Every structure is written in C-alpha cells, then in structure tokens.
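Peer 1: Here is my input, please return the structure:
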Amino acid sequence: MLKVGIVGLPNVGKSTLFNALIANAQAQAANFPFCTIEPNVGIVSVPDDRLNLLGALSNSKDLIPTRIEFVDIAGLVKGASQGEGLGNKFLANIREVDAIVHVVRCFEDENVVHVSGSVDPIRDIEVINLELGLSDLSQIDKRMARLKKQILNSKDSQFEHSLLERIKTELESGGLVRNISFNQEEINIIKPLGLLTFKPIIYASNLSEDELCSGNVNSENVFKLASKEQAKSVRISAQVEAELIDLGDEERLDYLHALGVKEAGLQSLIRVSYDLLGLRTYFTTGEKETKAWTIKLGMTAPQAAGVIHTDFEKGFIRAQTINYQKLIEAGSLSEAKSKGWIRSEGKEYIVQEGDVMEFLFNV
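Peer 2: Below you'll find the model as predicted:
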C-alpha cells in the first residue's frame with residue numbers, strides 16, 4: 001500500500017487538509033473499506049471511475065479499489081532534528097513513508113497567525129529541509145561510526161563509507177540527498193537508512209478558495225522551486241476540501257467547476273503521487289469482484305501477478321489481457337473474446353496502465 005506523509009510548519013493548514021481529505025474519502029466511498037488507525041493516520045480508497053464501469057460490466061458483487069495511507073506527521077518545528085516539538089516521534093513516522101507531501105502556506109489571512117510572522121513558503125520549505133537534512137546527517141554519522149571497525153578488512157564497507165562521505169558533503173553544503181545521482185547498487189545501500197531528504201517530495205501550495213485555480217505569486221515560487229529540485233508541486237486548498245465534505249457528488253462537481261478546477265485535492269494528490277513514484281493501475285474483474293491493483297512502472301506480467309500472490313508469480317504461465325477501454329467498448333468479456341481482442345501475454349510482457357488481466361498459473 002502506498003504510504004504518504006503530510007508535513008508542514010504549524011498553521012499552514014496541514015492538519016486541516018489531512019482531516020478534510022480523510023472525511024472526503026469516506027464521504028465519496030461509503031461502500032469501500034475505510035479506517036482511521038490513529039488520529040493522525042487514515043487509509044482511503046483511490047477514486048477510479050474505471051472500477052465502477054468494469055464492475056457493472058462484470059456484474060461484480062464487490063468493488064475493491066486500491067488504497068493509499070495518509071499520515072499527518074505532527075511535531076515538525078524548527079529544531080525538530082534536536083528533539084524540539086515531537087522530535088524523534090516525528091522523525092520515526094516520516095522514515096516509514098514512500099513519499100512526502102510538504103504543505104506550505106500560500107494564502108494571506110490576518111486571522112491565522114504564521115509561526116514566523118509572515119507568509120513566505122520558500123523560507124518555510126528551507127526550514128523543513130534543513131531539519132530533515134540535519135536528521136540525515138545524524139543518521140550518516142552514526143552509520144559511518146559503525147563502519148570504522150570494518151573498513152580495514154572489508155571492501156564493501158570501504159565502498160559504503162565512501163558513498164556516505166559523498167552524501168555527507170552534499171548535506172553539509174545544504175543540499176538534499178535526492179539531488180545526488182546514484183546507481184542501483186548505491187541505492188540498495190542507502191535505502192535501509194531511511195534518509196528523509198532522499199524521499200520523493202510533493203510541494204502542496206495551500207491557497208485560498210479564490211486563488212485555487214489561478215494560484216498567486218507564492219504558489220508560483222513554490223512551483224519554480226519544485227521544478228529546480230525535480231520534485232512535484234500541486235495547488236490545493238484546505239478551505240475548499242473542508243467545504244466539499246458535506247456536498248453530494250453533483251454538488252461537488254458544480255462547486256469545483258465554479259472555482260475553475262477539474263478535481264478535488266484528494267484526486268490531485270493521488271494523481272501526482274502516482275506520477276512521482278512511477279505507479280500504474282491494472283484490474284482483475286469477474287462476478288465475484290472487480291479489483292484495482294497498484295504496480296510499479298515497467299513491471300512484467302509475472303511481477304504484476306505476484307502483487308496478488310507470490311504463488312502467481314512463481315507459477316506464471318500466461319496472462320489473458322485486454323485494455324480497459326477496449327473491454328468497455330466490447331461490452332462484455334465474451335464479446336471481447338469473440339472479437340479476438342483478448343491477448344495472451346507471456347513472461348516478457350510489460351503491464352500497461354488500465355490493463356484488465358486474468359492470470360493462468362501452475363500451483
């Protein structure tokens with residue numbers, strides 16, 4: 001399951017956004033699994049109209065969407081790396097996520113005091129990146145200290161120590177680990193360290209209702225910074241998300257269209273998260289259930305089968321495959337078969353976005 005951490009300084013709208021996202025997901029997907037593990041953790045269903053259409057086509061008893069876990073990571077203030085705020089609790093939580101959504105305040109409101117006295121998202125980003133970088137430096141120093149005893153007799157330890165030195169130099173100069181180019185061997189070494197500035201990041205500019213569509217100077221500056229860092233950015237409004245909670249489906253669409261936006265914040269964050277992490281969705285469908293599955297870009301048919309169960313990958317024979325749009329066009333699986341639109345794909349097939357698949361395998 002994709003796990004995304006939401007971070008930000010106090011009074012930027014981070015927790016308001018989290019609460020609204022979770023409530024909106026619950027309101028929009030009442031028939032789907034939903035739970036709140038802790039007050040600051042929520043698992044929501046990923047909205048996908050294709051699931052409903054496929055379920056109707058197959059007359060499925062159950063629709064099972066793929067899910068995403070949002071974690072509202074509290075306690076981040078200046079000095080968090082030294083234990084200020086919730087300090088270590090915050091850092092432990094964030095090490096577990098696949099990606100970070102960094103909420104930055106881009107709206108002016110004299111009734112909402114900014115912790116630094118004024119609205120400046122670039123300054124806020126620098127504060128948080130500094131804390132994450134200092135935490136990473138601490139991790140690097142601890143690991144290097146453990147390697148000292150092994151360096152003399154181990155080439156692997158020498159290689160890792162050299163790699164950590166390169167990372168340390170970048171961090172000490174104010175850089176971010178994700179801006180360093182690594183080969184796969186190096187990535188395998190540093191990944192277990194859970195370095196915070198190595199995690200993919202989305203900068204979420206929190207805007208007022210009136211500026212959500214067009215943005216403002218602050219959100220434009222965030223966009224430029226994200227582009228420079230090869231990160232992602234998205235415009236959201238915690239105010240708008242809170243308004244959406246009590247609206248029906250048609251009212252939601254009317255409200256969003258009136259604001260000039262095509263999708264709510266939840267959909268925007270999920271879409272950008274999937275893009276950032278190179279994730280794709282394929283489907284299985286039948287009378288029992290229609291289910292969405294999340295895979296990584298470039299996965300082969302056996303690897304995609306392994307997401308369902310490891311035995312499927314081990315015993316993979318072939319995959320009966322058709323793109324979602326072609327299946328909807330056919331109107332039924334039987335009609336798609338009669339038209340010759342269902343393909344038999346082997347072990348080398350790279351699964352595409354929206355594929356509908358049935359796996360044949362040996363037990």
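
Peer 1: Could you identify the helix or strand that succeeds the helix or strand bottoming out on mean pLDDT in the chain?
Peer 2: In the chain, no helix or strand scores lower on mean pLDDT, DSSP states H and E than strand 35-38, which sits at a mean of 46. Counting by DSSP states H and E, the element after strand 35-38 in chain order, helix or strand, is strand 41-45.

Peer 1: what packs against the next helix or strand after that next one?
Peer 2: Counting by DSSP H and E, the next helix or strand C-terminal to strand 41-45 is helix 49-58. Under the contact definition 3 or more Cβ pairs under 8 Å, 6 or more residues apart in numbering; DSSP states H and E, helix 49-58 sits against strand 62-64, strand 279-285, strand 289-296, helix 324-330. (Each C-beta comes from the backbone N, C-alpha and C, glycine too.)

Peer 1: May I see these organised as TSV, with distance to residue 346 added?
Peer 2: TSV is the format used below for the helices and strands packed on helix 49-58 (distance: least, Cβ to Cβ, whole Å):
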stretch	distance to residue 346
strand 62-64	27
strand 279-285	16
strand 289-296	17
helix 324-330	19
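
Peer 1: dump the residue contacts of residue 70.
Peer 2: Neighbouring residues of residue 70 by Cβ atoms under 8 Å, 6 or more residues apart in numbering: 4-6, 18, 21-22, 41-44.

Peer 1: And residue 159, by the same measure?
Peer 2: Counted by Cβ under 8 Å, 6+ apart, residue 159 has contacts residue 189.

Peer 1: And for residue 58?
Peer 2: The contact partners of residue 58, by Cβ under 8 Å, 6+ apart, come to 285-287, 290, 333.

Peer 1: at 10 Å instead, please
Peer 2: 283-290, 327, 332-333, 356 (Cβ atoms under 10 Å, 6 or more residues apart in numbering).

Peer 1: Derive a PyMOL selection command for the buried subset of the residues you listed.
Peer 2: Per 16 or more other Cβ atoms under 10 Å, the buried members of those correspond to this PyMOL selection:
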select buried, resi 283+284+285+290+327+333+356
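
Peer 1: was I right about residue 256 contacting residue 266?
Peer 2: No. Counting by Cβ atoms under 10 Å, residue 256 sits too far from residue 266 to count as a contact (11.7 Å).

Peer 1: okay, and the common contacts of those two?
Peer 2: With Cβ under 10 Å, 6+ apart, residue 256 and residue 266 have common neighbours residue 244.

Peer 1: Can you pick out the residue with more neighbours from those two?
Peer 2: Just comparing residue 256 and residue 266: by other Cβ atoms under 10 Å the higher neighbour count belongs to residue 266, 24 against 19.

Peer 1: That one - nearest residue in space that isn't next to it in sequence?
Peer 2: Nearest residue to residue 266 in three dimensions, chain neighbours excluded: residue 21, at 5.0 Å (Cβ to Cβ, 6 or more residues apart in numbering).

Peer 1: Check residue 163 too.
Peer 2: Distances taken as Cβ to Cβ, 6+ apart place residue 186 nearest to residue 163, at 5.6 Å, with adjacent residues excluded.

Peer 1: just to revisit the earlier point, next, count neighbours for the residue nearest to residue 266.
Peer 2: Neighbours of residue 21 (other Cβ under 10 Å): 27.

Peer 1: What of residue 12?
Peer 2: Applying other Cβ under 10 Å, we find 25 residues neighbouring residue 12.

Peer 1: now do residue 320
Peer 2: 16.

Peer 1: in whichever strand or helix holds it, what counts as buried?
Peer 2: Using DSSP H and E, the element containing residue 320 is strand 316-323. Within strand 316-323, the residues that count as buried by 16+ other Cβ under 10 Å are 316, 318-323.

Peer 1: Go ahead and name everything in contact with that strand.
Peer 2: Against strand 316-323 from outside (Cβ under 10 Å, 6+ apart): 282, 300-306, 312, 328-330, 333, 336-337, 339, 341-347, 349, 351-362.

Peer 1: can you tell me which of those residues are in strands?
Peer 2: Applying DSSP state E to the contacts of strand 316-323, the entries found in strands are 282, 343-345, 355-361.

Peer 1: low pLDDT regions in the chain?
Peer 2: Across the chain, residues meeting the criterion (pLDDT under 70) sit at 24-39, 74-93, 111-117.

Peer 1: Near the nearest residue to residue 325 once chain neighbours are set aside, how many other residues are there?
Peer 2: The spatial neighbour of residue 325 that comes closest, neighbours along the chain excluded (Cβ to Cβ, 6+ apart), is residue 354 at 6.9 Å. Look at residue 354: counted by other Cβ under 10 Å, it has 18 neighbours.

Peer 1: and what of residue 217?
Peer 2: Using other Cβ under 10 Å, residue 217 is surrounded by 9 other residues.

Peer 1: what's near enough to touch it?
Peer 2: Neighbour list for residue 217: 106, 121 [criterion: Cβ under 10 Å, 6+ apart].
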